Each structure stands twice: as structure tokens, then as C-alpha cells.
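**Q** Generate coordinates for the sequence data below:
(2 chains)
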Amino acid sequence: SAVISQKPSRDICQRGTSLTIQCQVDSQVTMMFWYRQQPGQSLTLIATANQGSEATYESGFVIDKFPISRPNLTFSTLTVSNMSPEDSSIYLCSVLFSSGGYNEQFFGPGTRLTVL
Amino acid sequence: QKEVEQNSGPLSVPEGAIASLNCTYSDRGSQSFFWYRQYSGKSPELIMSIYSNGDKEDGRFTAQLNKASQYVSLLIRDSQPSDSATYLCAVNGNNRLAFGKGNQVVVIP
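**A** Have a look, this model is predicted:
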């Protein structure tokens, strides 16, 4: 598996501001994903971060609200723009790691965001 | 119908007993199935992967897959207090993981 780190681990932000979350992996990975987990809920996929091209967003998520960068195969950022209290959530970076011909997905430690 | 369903409520088991978790999925074309464990305040941790029908054992964990019936289950033998967590079932379809809502397991000493 890969070692995945995220920064910041948590933050408290004011309404209307933006926060950029960084995800760093210790090895090159083909696919990276960003998820959201709201309190008491399961994981919801926001988008797939594509290296060298625009991210692929899931239904209900748009680039203007959640711009994503992926400049190389080990790093990605997710920005939560123009935040509102409804954006309070845990944001998780995830990577696809291949082993023995099978793909497995691992998660970073998460970023706990509170919007006031 | 939701993609991945975990319908059971919180599960309380005595220490040393077997905890049994079930999950059903809707996409018959799914090929990869996973169980994640998530402790409160932590991110999900992959504990089991299963790709073919039958049982797969790893330590005290056994995953069972039945593609014809579209269900996957997880058994935790000799449950320990450290097993108290939420267990998420995930199914790979259309090149992305779909997650169930999770089942909370509480192991009572």
C-alpha cells in the first residue's frame, strides 16, 4: 500500500472563504480521488483527480465549487470555495494501488473542516 | 435501489463471539468487493478484499462473496473490544467505489 498524507488535518474557516487541502502520496499512483464524509454519513465521491487534465466530477459536484489540481502522479489538491456551514465535513484523499493484478483503494487521514 | 446496502443497525456482540455483517449490491457487473473499518474520528482502513465467489480468510476476518445472490459478508471471529468500529462495505463498479452506509459494531467486554 501507499503512505498518504493530507494537510491540513483540520481547520475552522469563516463563511465565504476558501480552503485548499493537499494530498501527498509516497509513490506514483495512477488514480487519485477526493471524497467527502459528512457527520454520521458514509463516503461520497466528489471527483477523480486526473493527472494532466481536468478532474472528473460526480453528479452534484462542480468545478467552480471544488476545483482540483493534479500536477503529477504523487500530489493533488482540493479547494473548497466560497464555503458555507453545509461544507462542514471530513474531506478524504484516496488512491488506487495495484497489487498482484488487483486494484485496492486506500485513504489518507482526512481533513476535518468546520465552517462557521 | 441503492448501489450498496447495509441495512443492519448497530451490532452489539460479547467479547469472544462472532460478529456477522452483511451487504448487498445492485450492479451485477461488479468485480471487486471490499470491507473497510473506520474508527471514530479516523479515516477508513482497508481490511478485506474479495474478488471471487466463496470465502476468504485473513486472521480473525472472513469475507464471503456470492455474486449470484449479489451479497458479500464479513465475519469477525473471537471479537475483541478493539474491533469496535464502523464497518463499510464497498463495491467497485464503473471504475469507482460505491460505499454502503456502514454498520457500527460494539464489542462488549
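
**Q** contacts and neighbour counts: CA atoms only from here.
**A** Noted.

**Q** residues contacting residue 78?
**A** Using chain A. By Cα atoms under 8 Å, 6 or more residues apart in numbering or on different chains, residue A:78 lies in contact with A:20-22, A:34, A:66-69.

**Q** was after chain B, sorry
**A** Contacts of residue B:78 by Cα under 8 Å, 6+ apart are B:15-18, B:60.

**Q** secondary structure element for it?
**A** Assigned by DSSP states H and E, residue B:78 belongs to neither a helix nor a strand.

**Q** Could you verify that residue A:86 is part of a strand?
**A** No. Residue A:86 is assigned helix when assessed by DSSP: H, G, I helix; E, B strand; the rest coil, not a strand.

**Q** What is the neighbour count of it?
**A** Look at residue A:86: counted by other Cα atoms under 10 Å in any protein chain shown, it has 11 neighbours.

**Q** what are the bridge partners for the nearest residue to it once chain neighbours are set aside, then?
**A** Leaving aside its sequence neighbours, residue A:86 sits nearest to residue A:115 (Cα to Cα, 6 or more residues apart in numbering or on different chains; 7.7 Å). Counting by DSSP bridges, residue A:115 forms beta bridges with residue A:13.

**Q** my guess is residue A:115 meets residue A:13, correct?
**A** Yes. Under the criterion of Cα atoms under 8 Å, residue A:115 is in contact with residue A:13, at a separation of 4.9 Å.

**Q** And residue B:3, how close does it get to residue A:71?
**A** 32 Å (Cα to Cα, to the nearest Å).

**Q** Which single residue of chain A ends up nearest chain B?
**A** At 4.8 Å from chain B, residue A:42 is the closest residue in chain A, using Cα to the nearest Cα.

**Q** What's the mean pLDDT across stretch B:26-46?
**A** Averaged over stretch B:26-46, pLDDT sits at 94.

**Q** Just the CA coordinates for it, please, in CSV.
**A** Listed next in CSV are the C-alpha coordinates belonging to stretch B:26-46 (Å, rounded to 0.1, in the frame of the first residue of the first chain):
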residue,chain,number,x,y,z
SER,B,26,-27.2,-3.8,-7.2
ASP,B,27,-24.6,-3.9,-10.1
ARG,B,28,-24.3,-7.4,-11.3
GLY,B,29,-21.1,-6.4,-13.3
SER,B,30,-19.2,-5.6,-10.1
GLN,B,31,-16.0,-7.5,-9.8
SER,B,32,-14.2,-6.2,-6.7
PHE,B,33,-15.6,-6.1,-3.1
PHE,B,34,-14.1,-4.6,0.0
TRP,B,35,-14.6,-4.1,3.7
TYR,B,36,-13.2,-1.1,5.4
ARG,B,37,-13.0,-0.5,9.1
GLN,B,38,-13.4,3.1,10.4
TYR,B,39,-12.7,4.0,14.0
SER,B,40,-14.5,7.1,15.3
GLY,B,41,-12.6,10.2,14.1
LYS,B,42,-10.4,8.3,11.8
SER,B,43,-10.3,7.5,8.0
PRO,B,44,-11.4,4.2,6.6
GLU,B,45,-8.9,1.3,6.7
LEU,B,46,-9.0,-1.5,4.2
